[in-house]
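Asker: Next input, structure requested:
(chains A and B)
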2 protein chains.
Amino acid sequence: MAVYTDISDEELTALVERYDIGTLQSAKGIAEGVENSNFLLHTTVSPFILTLYEKRTSENDLPFFLGLMEHLSARGLSCPVPVHARDGSVLQRVAGRPAALVTFLEGMDVKRPRAEHCQQVGMALARLHEAGADFGMTRANALSVDGWAPLAATAGDRADTVAEGLAALIARELELLAGSWPKDLPTGVIHADLFPDNVFFIGAELSGLIDFYFACTDAFAYDIAICLNAWCFEADDSFNVTKGRALLAGYNKVRALEPEEADALPLLARGAAMRFLLTRLVDWLDGPQDALVKPKDPREYLKRLRFHQHAVSAADYGYGG
Amino acid sequence: MAVYTDISDEELTALVERYDIGTLQSAKGIAEGVENSNFLLHTTVSPFILTLYEKRTSENDLPFFLGLMEHLSARGLSCPVPVHARDGSVLQRVAGRPAALVTFLEGMDVKRPRAEHCQQVGMALARLHEAGADFGMTRANALSVDGWAPLAATAGDRADTVAEGLAALIARELELLAGSWPKDLPTGVIHADLFPDNVFFIGAELSGLIDFYFACTDAFAYDIAICLNAWCFEADDSFNVTKGRALLAGYNKVRALEPEEADALPLLARGAAMRFLLTRLVDWLDGPQDALVKPKDPREYLKRLRFHQHAVSAADYGYGG
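Answerer: Below you'll find the predicted structure:
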């Protein structure tokens, strides 16, 4: 949760007047997302979300993210759609920050996902991969295998203050991952952060996906591996194979996994666990020490990593079962 | 701003099912109010606010606050209205806390009020006083003259760390206020906290009042004195008599001030400044040291108090001018 930047009523009113979306009725800072400031606006026409991009989101990447949301939505994926101002622009400046107005997506994130949620997430992820196929822009994944060594170096020996022997474990693991990371898997636009707080449901039905600010061009199966990490572990850190099976079956129903993608899952899941272990570790050690953003415990992903180290095939995740 | 308590999607869905208000579509924690946790809910019917009452709001007072909002709304005042569940109840329990669902009031608070806003606030305050006339419940004002000495004692000599000589100034001032505080002014329901963040406007029109969680039974003119403090000082701490005149004229247009009320204004304004000086001082010295609630500078009210000390009549606030 975060609302970092305050906006005056005059500035908000002037902003809304740049669009053909009725007149502003209300604006509330909302506790959503940890990277940016979000406001829920009501106009006489409908609700919208205004996002002010704070430091962590690079302004150079915004055309990719906003263009992608517009593209995916045009292909039938349910996600927030950037609204064009009367002058055609999508990117604005509000309170000194880059900002964009997007449509409001109804729905709520589930705090305790069940297998039926996982199945729908798998289907939605495959739809995203298919809908992104003809998107014209690309963005390298800065948080894939090449980006992990610098993160590990930032943490350095301090990793051992979080868990005994963690620095050495990371070093060994990074060597293995760098040496065996697959390069030839089917690639395209991936979400790269499809955690439960980025998937909305109304009742039992998935209503849409949000937060495309880590989206990039990478292996589809890596996106699946992120979801296996994000959706299928229980609070006691055990892997719930019923959820894994549901997620993979849901995905496969929409877009059939290639055999080499299935084969790569244990390694990709290991890499995905490493990615979140490392970013959480760095935030834990160096993140802002305020109550607004409570850093997440990196050890959760250490435990997940250990599960993946022992997985031998996609069957361990419920694939084909 | 504050969202203290997290609620699961299941609990929210179950809550909404207790009402005849359609089905839940979304729920966002909003950055509004510093005392309680607020969520903006969309149902298939309309938006609502769910408030979870945190420690500072006494559960015993909730029937007064909620009953008052319902009463004022029935008398035509624009304010959030508590919604009755199917079983007739207004007060619920959510995430272990007392909670109430109220209608959503469109509008935005103004960051830089102008005289025309002050005039409308004066009118709305008078309407509130008139609409509350036949409300059946009473609630003593715990933050009036008798409540100030305990607050001053809590701060004690530590007040001098905030401003030189403050402890002695407070002691002298409290003695004067206790000795001369008027007892026989017209009394009824007052809002007691009608700051700019509790008054909503759509465009230039006042759309309603919110946050009745300090409302109590006290002198109407004291409520006016609070508003003079809250609305009519500039960022440089000077009193803007044009705004004062607009506020008082607006009030007087709806409910004519009695001569003794006008005469008491300088003293009441002095007391109102003391009330906010003291609560801010205690929060400043003893408040929770987290980034969620940044304590407000008590010195702002020390400067306002000094202005009131030199006021001799209501004319100094623009009354009758």
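
Asker: Can you show me the strands along chain A?
Answerer: Taking DSSP state E as the test, the strands found in chain A are A:24-30, A:37-43, A:47-52, A:92-94, A:97-103, A:187-190, A:199-202, A:205-209, A:216-219.

Asker: Buried ones in stretch A:75-83, by neighbour count?
Answerer: Buried residues in stretch A:75-83, counted by 16 or more other CB atoms under 10 Å in any protein chain shown: A:L77, A:S78, A:C79, A:P80, A:V81, A:P82, A:V83. For every residue, glycine as well, the C-beta is placed using N, CA and C.

Asker: Contact partners for the nearest residue to A:G271 once chain neighbours are set aside?
Answerer: Nearest non-adjacent residue to A:G271, counting by CB to CB, 6 or more residues apart in numbering or on different chains: A:L177, 5.3 Å away. Counting by CB atoms under 8 Å, 6 or more residues apart in numbering or on different chains, A:L177 touches A:V145, A:W148, A:L267, A:R270, A:G271, A:M274.

Asker: Among those residues, which one is most surrounded by other residues?
Answerer: Among the contacts of A:L177, A:G271 has the most neighbours (other CB atoms under 10 Å in any protein chain shown), with 28 neighbours.

Asker: if we can go back for a sec, in TSV, list the buried residues of stretch A:75-83 along with pLDDT and distance to chain B.
Answerer: As requested, the buried residues of stretch A:75-83 are arranged in TSV below (pLDDT from 0 to 100; distance: CB to the nearest CB, whole Å):
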residue	pLDDT	distance to chain B
A:L77	98	18
A:S78	98	13
A:C79	98	15
A:P80	97	12
A:V81	97	16
A:P82	97	19
A:V83	98	18
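
Asker: about what we covered before: for the residue nearest to A:G271, give me the pLDDT.
Answerer: In this model, A:L177 is scored at 97, pLDDT.

Asker: for A:G320, same thing?
Answerer: Confidence at A:G320, expressed as pLDDT, is 86.

Asker: ok, now which ones touch it?
Answerer: Taking CB under 8 Å, 6+ apart, one finds A:A262, A:A314 in contact with A:G320.

Asker: Kindly reformat the strands of chain A as CSV containing mean neighbour count.
Answerer: Formatted as CSV, those follow (neighbours: other CB atoms under 10 Å in any protein chain shown):
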stretch, mean neighbour count
strand A:24-30, 23
strand A:37-43, 22
strand A:47-52, 23
strand A:92-94, 16
strand A:97-103, 21
strand A:187-190, 22
strand A:199-202, 22
strand A:205-209, 19
strand A:216-219, 21
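
Asker: can you tell which of these is closest to chain B?
Answerer: Minimum separation from chain B across the strands of chain A (CB to the nearest CB) falls at strand A:24-30, 3.6 Å.

Asker: Against which helices or strands is the closest one packed?
Answerer: Packing partners of strand A:24-30 (3 or more CB pairs under 8 Å, 6 or more residues apart in numbering or on different chains; DSSP states H and E): helix A:9-17, strand A:37-43, strand B:24-30, strand B:199-202.

Asker: chain center to the shortest one: distance?
Answerer: Centroid separation between strand B:199-202 and its chain, computed with CA atoms, centre = their mean, to the nearest Å, is 15 Å.

Asker: And for that strand, what's in contact with it?
Answerer: Strand B:199-202 is contacted by residues A:9, A:23-26, B:105-110, B:117, B:120-121, B:124, B:206-210 when judged by CB under 8 Å, 6+ apart.

Asker: What residues does chain A have near chain B?
Answerer: Within chain A, the positions lying close to chain B (CB under 8 Å from any CB of the partner chain) are A:1, A:3, A:8-10, A:12-13, A:23-32, A:40, A:42, A:47, A:104-112, A:200-203, A:290-292.

Asker: tally of neighbours for A:L268?
Answerer: Number of residues near A:L268 (other CB under 10 Å) recorded here: 25.

Asker: How much space separates the residue lying closest to it once chain neighbours are set aside from chain B?
Answerer: Leaving aside its sequence neighbours, A:L268 sits nearest to A:A225 (CB to CB, 6+ apart; 3.6 Å). A:A225 sits 26 Å away from chain B, going by CB to the nearest CB, to the nearest Å.

Asker: Same question for A:G287.
Answerer: Look at A:G287 and chain B: by CB to the nearest CB, they are 13 Å apart.

Asker: cool, and A:N198?
Answerer: According to CB to the nearest CB, A:N198 and chain B sit 14 Å apart.

Asker: check contacts around that residue.
Answerer: Residues in contact with A:N198, defined by CB under 8 Å, 6+ apart, are A:D109, A:H191, A:L209, A:I210, A:D211.

Asker: repeat that with 10 Å
Answerer: Applying CB atoms under 10 Å, 6 or more residues apart in numbering or on different chains, we find A:N198 in contact with A:33, A:79, A:109, A:121, A:191, A:208-214, A:230.

Asker: Quick check: closest non-adjacent residue to the residue most central in space within chain A.
Answerer: Nearest to the geometric centre of chain A sits A:D193, at 1.8 Å (CA atoms, centre = their mean). Distances taken as CB to CB, 6+ apart place A:F214 nearest to A:D193, at 3.9 Å, with adjacent residues excluded.

Asker: That neighbour contacts A:I226, doesn't it?
Answerer: Yes - at 9.4 Å, A:F214 counts as touching A:I226 under the criterion of CB atoms under 10 Å.

Asker: what is in contact with the two at once?
Answerer: Listed as contacting both A:F214 and A:I226 by CB under 10 Å, 6+ apart are A:I190, A:H191, A:A192, A:D193, A:L194.

Asker: Which ones among those residues map onto helices?
Answerer: Applying DSSP state H to these, no entry is found in helices.

Asker: In CSV, list those along with pLDDT.
Answerer: CSV is the format used below for the shared contacts of A:F214 and A:I226 (pLDDT from 0 to 100):
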residue, pLDDT
A:I190, 98
A:H191, 98
A:A192, 98
A:D193, 97
A:L194, 98
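
Asker: any idea which of those is closest to A:A153?
Answerer: Using CB to CB, A:A192 is the member of these that lies nearest A:A153, at 21.9 Å.

Asker: Can you show me the helices along the stretch 51-200 of chain A?
Answerer: Applying DSSP state H, counting those that start in this stretch to the stretch 51-200 of chain A gives helices spanning A:62-74, A:115-131, A:145-155, A:166-180.

Asker: winner for burial among these?
Answerer: Burial of those is given as mean neighbour count (mean count of other CB atoms under 10 Å in any protein chain shown); helix A:115-131 ranks first at a mean of 22.
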